[in-house]
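Engineer: predicted model and sequence below, questions to follow.
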Amino acid sequence: MPKSADRGRRTREQLLDAAAGLVGEVGWGAVTTRLVAERAGVNAALVHYHFSSVQELLSTAALQFAAKVLEESAQALSLADPADGIERMLEELARYTGTDPESLLLAEAFLAAHRLPALRAGLSSLVAEFRKRVADWLRAADVRDAEAVALLLGASIDGLVLHRALDESVDVRVVAAPFRRLVTG
């Protein structure tokens, strides 16, 4: 790959990282071209060279992060039987406080998705794929109502993060036993 292409790829990644961090700090609506450029250490013109708008930049950053988190969660589940997979997934989830920049990025992205159709479609696709993977994993382990359990598990993850954002004493791991019973019959 030519040096200019490498430099362009690095700049794009710097912009995405800067944007993702800023959403958690200042909120989706307060992120500007100037803030992103300053955080990334690049000229502000490069923001619009790589992205058509700040909204596209923020949407891309949020989708990239959401894809990573959902992939990690799906991997944590798939490496074990359903009962142990639930434990692994909750351990992964425990690292998010609900007020950390990553949790806030996802919360802000879910809100922004109602105003940005492309972001909504992207998040919808990621969440649907996650539910499908979880349902397939549960079905392979002969868990009854695999699709419904996958939906419940996904919605519970979201809700647990929201509860943690409001009450830092919430330990998401306390729901492990009820979920273990759900997936073991």
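Structural biologist: Yep, it's here.

Engineer: the helices in the chain, which residues?
Structural biologist: Here the chain has its helices, by DSSP state H, at 3-26, 33-40, 45-50, 54-78, 82-93, 101-112, 117-140, 146-166, 176-184.

Engineer: what angle do the first one and helix 33-40 make?
Structural biologist: Meaning helix 3-26. If you take axes from the mean of the first three to the mean of the last three CA atoms, to 10 degrees, helix 3-26 sits at 110 degrees to helix 33-40.

Engineer: what's helix 3-26 in contact with?
Structural biologist: Contact with helix 3-26 is made by 1, 31, 35-37, 39-42, 46-47, 50-51, 54, 57-58, 60-62, 64-65, 100-105, 108-109, as judged by CB atoms under 8 Å, 6 or more residues apart in numbering. Just so you know, the C-beta spots here come from the backbone N, C-alpha and C atoms, and that holds for glycine as well.

Engineer: among those, the buried ones, what's the ChimeraX command?
Structural biologist: A single ChimeraX command selects the buried members of these (16 or more other CB atoms under 10 Å):
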select :31,35,36,37,39,40,42,46,47,50,51,54,57,58,60,61,62,65,102,103,104,105,108,109
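
Engineer: for the chain, which element, helix or strand, carries the lowest mean pLDDT?
Structural biologist: The weakest-scoring helix or strand in the chain, judged by mean pLDDT, DSSP states H and E, is helix 82-93 (a mean of 86).

Engineer: residues of it that come out buried?
Structural biologist: Of all the residues in helix 82-93, those buried under the rule 16+ other CB under 10 Å are P82, A83, G85, I86, E87, R88, M89, L90, E92, L93.

Engineer: verify the stated contact: G98 with G159.
Structural biologist: No. Assessed by CB atoms under 8 Å, G98 is found out of contact with G159, at 10.6 Å.

Engineer: lowest-confidence stretch among the helices of the chain?
Structural biologist: Sorting the helices of the chain by mean pLDDT places helix 82-93 lowest, at a mean of 86.

Engineer: any residues touching that one, and which ones?
Structural biologist: Contacts of helix 82-93 (CB under 8 Å, 6+ apart): 72-73, 76-80, 137-138, 141, 143, 153, 157, 160-161, 172-173, 175-176, 179-180, 183-184.
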